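Participant: from the sequence below, what's the structure:
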Amino acid sequence: MKSLRLLFVSALLVTTGLLTFVIYTNEHERQAVKEDLIELSKIKYGLFSVDEWKRLLAGIITKKIGEFNFEGENREELHAKIEGLLREAVRQLRNDYEKNQSQSVLGLLQSSLLSFTGVFNQIETRIPWFTDQIIDFMNNPENRERIRGFIISKLNEYADNTFARMDYTEHDRILKKYNLADRATALTNLNARITTLDQQRRPYFFTLLAISAITLVYILISRSFSKQEYLLLIIATAATLFAGLLLPMIEIDARISSIRFSLLGESVVFEDQVLYYKSKSILQVVKLMLTQQRIDVLFVGLLVLLFSVLFPLCKLLSSVVYLYSSKLRANRFINFMIFRTGKWSMADVMVIAIFMAYIGFSGIITEQLHQIESITQSIDILTTNRSSLLTGFFAFTSFAIISLLISHKLQYDVKAKE
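Facilitator: Here you go, the predicted model:
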């Protein structure tokens, strides 16, 4: 019976270790890809990008100029408008000329000569021909291209002189890293990679949760354990601890899913514009805090390191020493780390705090995004809150619960044997 139980616990350990390693490898790759995807999805490369607006406006201008139609009824209507403008211009020119020339004798002679030769009358008779020439000029594809090029060049000149140039160093590094040609292709490619990684990780993740639940039930229903069983359970618990410390625990992701509006009669769409994103593991948070120059942040980092990293590790090591060294079993430090650090390590409290932080952040972000949606009625804005709890949270939660049960079980078994 003992050999079967030892074999069962060994199977739990091996399975937990393998699953933890596979999930860590997958999650590590996913985090790197996700960070690159988030960088390219930031709103500074989309809605707030001058270069993106230049590209959109160039496309709209090209389309509008290409849609010019000067045939049929359009030509007649345009012909009437241009001809009316030209006749009004000639009439104004004649009135101004006659007014200026009437102020001197030489001017009167020149005015009389122009009236005799009928220059203005000849110009007026040629207005329909001038109008046809103007329309034919505008209808020529080569001239349309020149107009388009002129407008776009002036647009680019204005944008370059008005707005600061964007730094594309990180943007270009990511494209080069994945050997991709442009941002749109990179977004599609990276999204596909993350989807694939999520699909690969999902069965391992649920299997690990099932194994943790089986371990929990096994500890609860078992009366006592041998030293070997305790050792194997402690090693399995350590695997979940390392996963909880190394893997991201929470992901805060606020973005505009899509924003649509009409510009010059054309629909303009921006999609997946990231407003804010953070995803850190416990060790990454500790490292970030310890590298800050502020004393208060450094102090908090040391507390997180002490209560969430060092205490749990010392607790597991002390449990092993307690099992295999009867001389050190009465040591105050060993007893304190195993049986008294439950309140000091606050692993369970940290799990609750992270969960409440997730709920709080999620609620705040959702409310703020809804306010963005209600800014205007002329712009169709769809926001989304993609915040979620990640694998690290569930691994750390498993460690907190199982390690607590092992400590109580160990204390009960030792007292029973004594």
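Participant: not counting sequence-adjacent ones, nearest residue to Ile282?
Facilitator: Excluding the flanking residues, the one nearest Ile282 by C-beta to C-beta, 6 or more residues apart in numbering is Leu245, at 5.0 Å. (Glycine included, C-beta is placed from N, CA and C.)
Participant: I'd like to know which elements the helix or strand where the one you found lies is packed against.
Facilitator: Here Leu245, judged by DSSP states H and E, is contained in helix 227-246. For helix 227-246, the packing partners by 3 or more C-beta pairs under 8 Å, 6 or more residues apart in numbering; DSSP states H and E come out as helix 2-41, helix 183-221, helix 282-290, helix 311-324, helix 391-417.
Participant: rebuild these as JSON lines, extending it with mean neighbour count.
Facilitator: Output for the helices and strands packed on helix 227-246, formatted as JSON lines (neighbours: other C-beta atoms under 10 Å):
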{"stretch": "helix 2-41", "mean neighbour count": "17"}
{"stretch": "helix 183-221", "mean neighbour count": "15"}
{"stretch": "helix 282-290", "mean neighbour count": "17"}
{"stretch": "helix 311-324", "mean neighbour count": "19"}
{"stretch": "helix 391-417", "mean neighbour count": "19"}
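Participant: which one of those helices lies closest to Glu77?
Facilitator: Closest to Glu77 of the helices and strands packed on helix 227-246 is helix 183-221 (C-beta to C-beta; 39.9 Å).
Participant: on that earlier part again, mind checking which of the helices and strands packed on helix 227-246 is nearest Ile235?
Facilitator: Ile235 sits nearest to helix 2-41 of all those, at 5.8 Å, using C-beta to C-beta.
Participant: and the closest one, what does it pack onto?
Facilitator: Here helix 2-41 is seen to pack against helix 169-177, helix 183-221, helix 227-246, strand 266-280, helix 391-417 when contacts are counted using 3+ C-beta pairs under 8 Å, 6+ apart.
Participant: next, format these as TSV and append distance to Arg75 and mean pLDDT.
Facilitator: As requested, the helices and strands packed on helix 2-41 are exported to TSV (distance: least, C-beta to C-beta, whole Å; pLDDT from 0 to 100):
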stretch	distance to Arg75	mean pLDDT
helix 169-177	47	90
helix 183-221	39	90
helix 227-246	72	86
strand 266-280	24	80
helix 391-417	67	77
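Participant: identify whichever of those lies nearest to Val33.
Facilitator: Nearest of the helices and strands packed on helix 2-41 (C-beta to C-beta): helix 183-221, 5.2 Å.
Participant: where in the stretch 51-200 of the chain is pLDDT low?
Facilitator: 65-74, 93-94, 96-123 (pLDDT under 70).
Participant: if we use 50, what do you get?
Facilitator: Applying pLDDT under 50 to the stretch 51-200 of the chain picks out residues 105-108, 113, 116-117.
Participant: what about the helices in it?
Facilitator: Taking DSSP state H, counting those that start in this stretch as the criterion, the stretch 51-200 of the chain contains helices spanning 73-101, 105-117, 119-125, 127-139, 141-162, 169-177, 183-221.
Participant: picking that back up, only the buried residues of the helix holding Leu245, if you could.
Facilitator: 229-234, 236-246 (16 or more other C-beta atoms under 10 Å).
Participant: Ser388 bridge partners, please.
Facilitator: Listed by DSSP bridges, the beta-bridge partners for Ser388 are Glu251.
Participant: please give the number of neighbouring residues around the closest residue to Ala58 other than its chain neighbours.
Facilitator: If you skip the residues right next to it in sequence, Ala58 has Ile152 as its closest partner in space, 5.0 Å away by C-beta to C-beta, 6+ apart. Counted by other C-beta atoms under 10 Å, the residues lying close to Ile152 total 16.
Participant: and Ser153, by the same measure?
Facilitator: If we define neighbours as other C-beta under 10 Å, then Ser153 has 10 of them.
Participant: and it, how far from Ala58?
Facilitator: Using C-beta to C-beta, to the nearest Å, Ser153 is found at 10 Å from Ala58.
Participant: so which of the helices of the stretch 51-200 of the chain is nearest Leu263?
Facilitator: Nearest to Leu263 among these is helix 141-162; the distance by C-beta to C-beta comes to 13.2 Å.
Participant: who does the closest one touch, helix- and strand-wise?
Facilitator: For helix 141-162, the packing partners by 3+ C-beta pairs under 8 Å, 6+ apart are helix 50-66, helix 127-139.
Participant: and the shortest one, C-alpha only, in CSV?
Facilitator: Which is helix 127-139. Output of helix 127-139 as CSV, limited to C-alpha atoms (Å, rounded to 0.1, in the frame of the first residue of the first chain):
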residue,chain,number,x,y,z
ILE,A,127,-14.8,82.2,-72.9
PRO,A,128,-16.6,79.0,-73.9
TRP,A,129,-13.4,77.8,-75.6
PHE,A,130,-11.3,78.7,-72.6
THR,A,131,-13.8,76.8,-70.4
ASP,A,132,-13.5,73.7,-72.6
GLN,A,133,-9.7,73.9,-72.4
ILE,A,134,-9.8,74.1,-68.6
ILE,A,135,-12.1,71.1,-68.3
ASP,A,136,-10.0,69.1,-70.7
PHE,A,137,-6.9,70.0,-68.7
MET,A,138,-8.5,68.8,-65.5
ASN,A,139,-9.8,65.6,-67.2
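Participant: fine by me, we can end here.
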